[in-house]
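S.K.: Here is my input; please provide its structure:
(one chain, ligands or ions: 3)
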Amino acid sequence: MKKERKVEDYLRKRSGRALFFLLDPDKVVREEERYKEIVEELCPYATAFFVGGSTGFSQLEEERTIRMIKAVCDKPVVIFPGSPAHVAPSADAILFMSLLNSRSRKFLIEDQLEGALLVWRYGLEAIPTAYLIVGEGGTAGWVGDAKTIPLEKPELLAMYALAAKYLGFRAIYVEAGSGARTHVPPQTVAMIKKLLGNEVFLMIGGGIKNAETALSILKAGADGIIIGTLIEKEPEKAVELAKVVRESLGE
Ligand SMILES: CC(C)=CCC/C(C)=C/CC/C(C)=C/CC/C(C)=C/COP(=O)(O)OP(=O)(O)O
Ligand SMILES: O=P(O)(O)OC[C@@H](O)CO
Ligand SMILES: [Mg+2]
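M.R.: Ligands and ions are numbered 1, 2, ... in the order given. Next up, the predicted model:
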């Protein structure tokens with residue numbers, strides 16, 4: 001049995017400077033060699049790799065992607081599940097999430113029932129995470145039947161964030177949607193972090209495409225940020241972003 005909060009403790013030690021690189025198994029398995037090289041390049045800058053997608057669910061592809069990352073990089077690999085089909089045995093942990101602003105019971109609690117059994121069977125570390133989709137919402141918003149929170153109404157997001165904290169979630173992932181044109185504004189991040197305090201680990205993702213944005217969101221109070229689409233579209237820019245962020249943080 002893996003130690004209960006090993007990855008979570010590791011992440012908490014890196015609050016305010018955690019960089020997560022998200023790989024979509026659906027895409028990775030079609031170009032495994034290319035992604036292997038990208039992972040090698042990103043590895044020194046990564047806090048952890050996230051693996052998951054909103055579409056094309058398959059445990060086989062999830063597991064293959066996790067093993068590919070683990071073969072070339074010693075950083076933790078965390079499942080970011082779009083469905084219970086993403087629960088795969090070789091991961092170090094899973095964001096065990098509920099999409100709190102979904103209209104559907106499936107994403108609030110039903111997928112978790114099926115996923116829980118697999119998490120238990122594989123002895124995976126579960127990080128209780130509230131997933132909140134804002135703004136454009138991207139594919140995850142559409143698939144997850146989210147009542148997306150408008151970016152210009154941060155007070156609605158604040159209500160969700162507080163409810164998540166009081167329900168006992170130890171992490172919150174605020175998602176603007178994969179490839180979003182507008183990322184979560186730093187002022188909103190600052191407001192949410194102030195309400196949450198250090199008890200809850202705050203992750204921000206969606207539409208972060210350059211180092212300036214990444215740093216502004218971290219400096220506003222995000223504990224970690226997620227970079228996905230940039231890795232797929234312009235991997236050299238993702239590596240550059242990672243380098244600049246690490247240097248600017250004095251690491
Ligand atoms: C806890 C367990 C077992 C499951 C939770 C299931 C939930 C709550 C899902 C929420 C809805 C959803 C579809 C989330 C997807 C999150 C994710 C992995 C996003 C990253 O993928 P994208 O980049 O948006 O996907 P594509 O690249 O496929 O468009
Ligand atoms: O793909 P991008 O826009 O980097 O977003 C990352 C992540 O928040 C998607 O779930
Ligand atoms: Mg994607």
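
S.K.: Let me know the secondary structure of the closest residue to R170 other than its chain neighbours.
M.R.: Taking C-beta to C-beta, 6 or more residues apart in numbering as the measure, R170 lies nearest to P128, with 5.2 Å between them; neighbours along the chain are not counted. In short, each C-beta sits where N, CA and C put it, glycine included. Secondary structure for P128, judged by DSSP: H, G, I helix; E, B strand; the rest coil, is strand.

S.K.: what's near enough to touch P128?
M.R.: The contact partners of P128, by C-beta atoms under 8 Å, 6 or more residues apart in numbering, come to F96, G168, F169, R170, A171.

S.K.: How about K193: what's its closest non-neighbour residue?
M.R.: For K193, the nearest residue in space outside its immediate sequence neighbours is G221; the separation is 3.0 Å by C-beta to C-beta, 6+ apart.

S.K.: ok now do the one you found, which residues does it touch?
M.R.: G16, V189, A190, I192, K193, K194, L202.

S.K.: Just the ones in helices from those residues, please.
M.R.: V189, A190, I192, K193, K194 (DSSP state H).

S.K.: any idea how far the first one is from A222?
M.R.: As defined by C-beta to C-beta, to the nearest Å, V189 lies at a distance of 5 Å from A222.

S.K.: Name the residue in those two with the higher neighbour count.
M.R.: Neighbours per residue, other C-beta atoms under 10 Å: of V189 and A222, the larger number sits with A222, 28 against 24.

S.K.: tell me the secondary structure for L19?
M.R.: Per three-state DSSP, the local secondary structure of L19 is strand.

S.K.: Say whether ligand 2 is contacted by stretch 91-111.
M.R.: No. Stretch 91-111 is not in contact with ligand 2 by C-beta under 6 Å from any ligand atom; minimum separation 10.6 Å.

S.K.: Relative to the whole chain's centre, how far out is that stretch?
M.R.: Using C-alpha atoms, centre = their mean, to the nearest Å, the mean C-alpha position of stretch 91-111 is found 13 Å from that of the whole chain.

S.K.: Report whether that stretch contacts ligand 1.
M.R.: Yes. Judged by C-beta under 6 Å from any ligand atom, stretch 91-111 comes into contact with ligand 1 through F96, M97, S98, L99, F107, D111.

S.K.: what about that stretch, how long is it end to end?
M.R.: With C-alpha to C-alpha, to the nearest Å as the measure, stretch 91-111 spans 19 Å from end to end.

S.K.: Please report phi then psi for V174.
M.R.: phi -100, psi 120 (degrees, to the nearest 10).

S.K.: Leaving out the residues flanking it, which one is nearest to G82?
M.R.: Using C-beta to C-beta, 6+ apart, the closest residue to G82 is S54 (4.9 Å).
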